[in-house]
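*Asks:* any chance you can model this:
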Amino acid sequence: MADDFNTIIIGAGIAGSTCALLCARAGLSVLLIERGEQPGSKNLSGGRLYGYALANIIPNFQATAPLERRITHEHFSLLTAEGATTLSGNHPVSESWSVLRARFDPWLAAQAEAAGAQLLCGVTVEALHKQGERITGVVCEGELLRAKTVVLAEGVNSELAERSGLIPPPSMDNMALGIKETLALDPALIQARFRLEEDQGAAWLFSGQLCGSKAGGGFLYTNRHSLSLGVVAPLSSLRDGPAAASTLLETLKSHPGVRPLVRETEVLEYGAHLVPEGGLHALPSRRGGEGWLLIGDTLRTCINTGLTVRGMDMAVLSAQAAANALIAGESEAHSPLATRYKQELQQSLLWQQLRRYRHLPALLQNSIWYQQGPAFCRSVLADLSRADATITPPLWRILLRHGHRAGLRRLSGLMLRSLKCL
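*Replies:* The predicted structure follows:
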């Protein structure tokens with residue numbers, strides 16, 4: 001039987017819509033299926049978009065995309081139980097923005113529609129259709145839709161891919177739980193509180209004692225009329241740590257270094273979702289096969305460097321690699337789809353980034369980052385800023401004294417390994 005489409009893409013998130021846009025632009029017939037009532041309706045709002053990847057596909061996208069604030073102010077805080085040590089800087093020409101996915105995803109899907117893709121919302125794909133070992137379409141509400149290729153962009157909870165035996169269930173060691181709130185706040189208060197001008201925005205990352213001595217971090221992004229606040233902790237930290245997952249966000253909000261930033265806010269949205277943080281070594285061994293490809297969070301390409309969290313730009317890059325493989329297969333005889341996709345991935349910036357940070361996931365599990373490190377920084381800063389009747393020791397002596405308390409050999413070794421990874 002003839003195919004209904006060249007490509008069916010499951011999931012109209014950033015990866016799925018980007019792949020649909022590129023394939024439709026090249027003349028392929030594309031169906032983009034979204035189970036929500038509209039793209040973005042199933043996504044927790046709030047995040048940071050690094051614009052370089054999308055700008056290569058939609059030049060000057062920022063002129064029409066529903067972005068929130070350009071991130072011009074960066075803050076990074078190491079938290080102890082009593083306080084925080086914060087590093088801050090500003091970058092007026094930054095090419096990253098805070099976004100609300102409920103607004104951004106429909107816009108991106110509309111770009112794919114304008115290029116010729118068909119968008120079908122409010123429909124759940126019940127199963128992948130197979131003929132022998134080849135995926136030949138999808139089953140939606142009892143109806144079979146045939147395609148030469150099916151692209152799975154259903155997110156980290158990839159039930160279809162797992163149920164069909166394409167990928168194994170995610171490992172506890174490679175997944176984190178993200179707990180997030182969107183907090184309403186007047187724009188004037190946002191600008192005054194974070195020292196911003198009208199269109200400027202701030203990104204604030206938190207590390208240290210969020211999960212006791214276990215790994216975990218927090219983030220805050222300013223939107224036009226709200227804040228996006230969240231905690232991300234590896235599942236291993238939640239399994240073994242002292243704090244229940246439900247209390248982590250409240251603990252962060254009540255911390256003396258965070259509490260003044262979120263006062264007088266109203267909760268608009270709350271939720272939790274899995275985040276793939278395993279990096280290169282956690283990618284599925286099979287990323288494509290006969291008639292199918294994985295992209296975005298289904299491919300598990302999110303990167304956490306400790307200083308940045310890279311999800312959306314990695315999704316765009318994986319979608320671009322998949323689209324290149326699909327388009328090449330339509331124009332002339334080529335190697336099998338999985339081989340083309342592997343080659344496109346390994347030649348992409350995505351692969352370079354994954355290789356660059358491949359050792360970080362294991363390194364970020366070290367308890368020194370979350371207990372001794374923050375305490376060391378706070379103690380050193382307290383001594384440097386103290387002025388009383390005693391003579392302040394020289395810096396080398398302060399560093400040495402507090403370094404010995406924190407475990408100088410382990411701390412310096414970890415810092416050297418981290419610098420090498422970064």
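*Asks:* who's in contact with Arg259?
*Replies:* Lys253 (C-beta atoms under 8 Å, 6 or more residues apart in numbering). C-beta here means a position set from N, CA and C on the backbone, and glycine is covered the same way.
*Asks:* which pLDDT value goes with it?
*Replies:* Reported pLDDT at Arg259 in the predicted model: 94.
*Asks:* distance of it from Thr247?
*Replies:* 15 Å (C-beta to C-beta, to the nearest Å).
*Asks:* what do you get for His404?
*Replies:* 34 Å.
*Asks:* ok, Leu183 next?
*Replies:* 18 Å.
*Asks:* cool, and Arg356?
*Replies:* For Arg356 relative to Thr247 (C-beta to C-beta), the value is 35 Å.
*Asks:* same check on Leu350?
*Replies:* 35 Å.
*Asks:* what about these two, which has more around it?
*Replies:* Neighbours were counted for Leu350 and for Thr247 using other C-beta atoms under 10 Å; Leu350 has more, 25 against 13.
*Asks:* how near is the more buried one to Leu49?
*Replies:* Taking C-beta to C-beta, one finds Leu350 at 16 Å from Leu49.
*Asks:* also Ser228?
*Replies:* Remark: distance between Ser228 and Leu49 (C-beta to C-beta) = 12 Å.
*Asks:* hey, what's in contact with both of the two?
*Replies:* Ser98.
*Asks:* tally of neighbours for Ala24?
*Replies:* Considering only other C-beta under 10 Å, Ala24 is surrounded by 23 other residues.
*Asks:* doesn't it belong to a helix?
*Replies:* Yes. Applying DSSP: H, G, I helix; E, B strand; the rest coil, one finds Ala24 inside a helix.
*Asks:* do you know how far it is from Ile9?
*Replies:* For Ala24, the distance to Ile9 - C-beta to C-beta - is 10 Å.
*Asks:* between those two, which contacts overlap?
*Replies:* Val30.
*Asks:* so Leu400: helix, strand or coil?
*Replies:* helix.
*Asks:* can you pull the pLDDT of it?
*Replies:* Confidence score, pLDDT, at Leu400: 78.
*Asks:* what's the answer for the one 10 residues further on, then?
*Replies:* pLDDT recorded at Arg410 is 72.
*Asks:* point me to the helix or strand that includes it.
*Replies:* helix 408-421 (DSSP states H and E).
*Asks:* what of Arg358?
*Replies:* Using DSSP H and E, no helix or strand contains Arg358.
*Asks:* quick check on it: phi, psi?
*Replies:* For Arg358, the backbone dihedrals (degrees, to the nearest 10) come out as phi -70, psi -20.
*Asks:* tell me how many other residues surround Gly279.
*Replies:* 25.
*Asks:* wait, it sits on Leu360?
*Replies:* Yes. Using C-beta atoms under 8 Å, Gly279 is in contact with Leu360, at 6.6 Å.
*Asks:* many thanks, I have nothing further to ask.
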